[in-house]
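**Q** Fold the following and give me the result.
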Amino acid sequence: MKTLCMDTSHRYLVLVLMEDDEVKASYNTFAWKKQSEMVFVELIKLMDELSWEANDLDEVVITVGPGSYTGIRIAMSIAKVFASSKKKTLYTISTLQLYAGLEDCSVILDARSNRVYYGKYKDGVKLEEGIKTIDEVKTLDEHFIGDLSLLDQEDHNPDFVKNFKELRPFYEKVENIHSLVPTYLKEESAYLVK
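**A** Here you go, the predicted structure:
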């Protein structure tokens with residue numbers, strides 16, 4: 001079973017090629033607003049490194065958000081076209097879940113307007129996901145990862161490659177590829193600063 005995992009939803013470009021749940025090749029770099037320029041170049045390099053062809057892939061896993069409106073759609077567009085044209089299986093996981101992995105932690109990612117995408121996880125299981133203000137997050141006594149610079153701390157990013165591998169039991173199979181849409185979490189009121 002050959003698997004392609006992709007995340008373009010936030011500030012990183014993460015590509016992972018696995019065979020039978022063993023990581024064979026990966027690419028992970030800070031690529032804020034450059035994912036669309038880099039994704040095919042780096043994916044082709046990884047595929048060539050393994051001598052894999054697109055038809056060799058059995059399934060694709062992508063993050064479905066929350067995150068950058070454009071960023072989420074980069075991997076999602078690639079995955080939807082590939083999975084529907086090649087009749088391959090498509091899975092999704094939450095961007096926040098990818099950050100958490102199997103760690104017991106809370107994830108915060110910048111949602112702009114003094115807000116964060118917030119997710120709380122235990123052993124890979126989602127306890128809560130939503131939008132919080134930075135001030136709300138500052139009142140919480142939790143172990144945070146992600147955009148900690150919003151809390152005047154050093155950002156803490158996980159091992160995305162390891163997390164893609166370990167989160168396999170949490171992948172959600174997409175039954176209707178054409179109806180798949182990003183998870184944004186933001187509603188109109190979320191854009192208003194209190």
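
**Q** now the strands: where do they sit in the protein?
**A** 2-7, 12-19, 22-30, 59-63, 89-93, 105-112, 115-122, 125-133, 144-146, 172-173 (DSSP state E).

**Q** quick one: strands adjacent to the last one?
**A** What it means is strand 172-173. strand 89-93 (antiparallel) (DSSP bridges).

**Q** Report the inter-axis angle for the strand it pairs with versus strand 59-63.
**A** 20 degrees (axes from the mean of the first three to the mean of the last three Cα atoms, to 10 degrees).

**Q** thinking again about what came up before, just put the strands of the chain in TSV and tack on distance to Leu43 and mean pLDDT.
**A** C-beta: built from backbone N, CA, C; applies to glycine. Formatted as TSV, the strands of the chain follow (distance: least, Cβ to Cβ, whole Å; pLDDT from 0 to 100):
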stretch	distance to Leu43	mean pLDDT
strand 2-7	8	98
strand 12-19	6	98
strand 22-30	8	98
strand 59-63	11	98
strand 89-93	16	98
strand 105-112	24	96
strand 115-122	26	97
strand 125-133	28	95
strand 144-146	25	97
strand 172-173	22	98
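
**Q** Kindly reformat these as TSV containing mean neighbour count and distance to Tyr99.
**A** Shown next, in TSV, are those (neighbours: other Cβ atoms under 10 Å; distance: least, Cβ to Cβ, whole Å):
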stretch	mean neighbour count	distance to Tyr99
strand 2-7	24	9
strand 12-19	22	10
strand 22-30	15	13
strand 59-63	25	9
strand 89-93	20	10
strand 105-112	21	4
strand 115-122	23	8
strand 125-133	15	11
strand 144-146	22	6
strand 172-173	11	17
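
**Q** closest one to Lys162 among these?
**A** With Cβ to Cβ as the criterion, Lys162 lies closest to strand 22-30 of these, at 8.2 Å.
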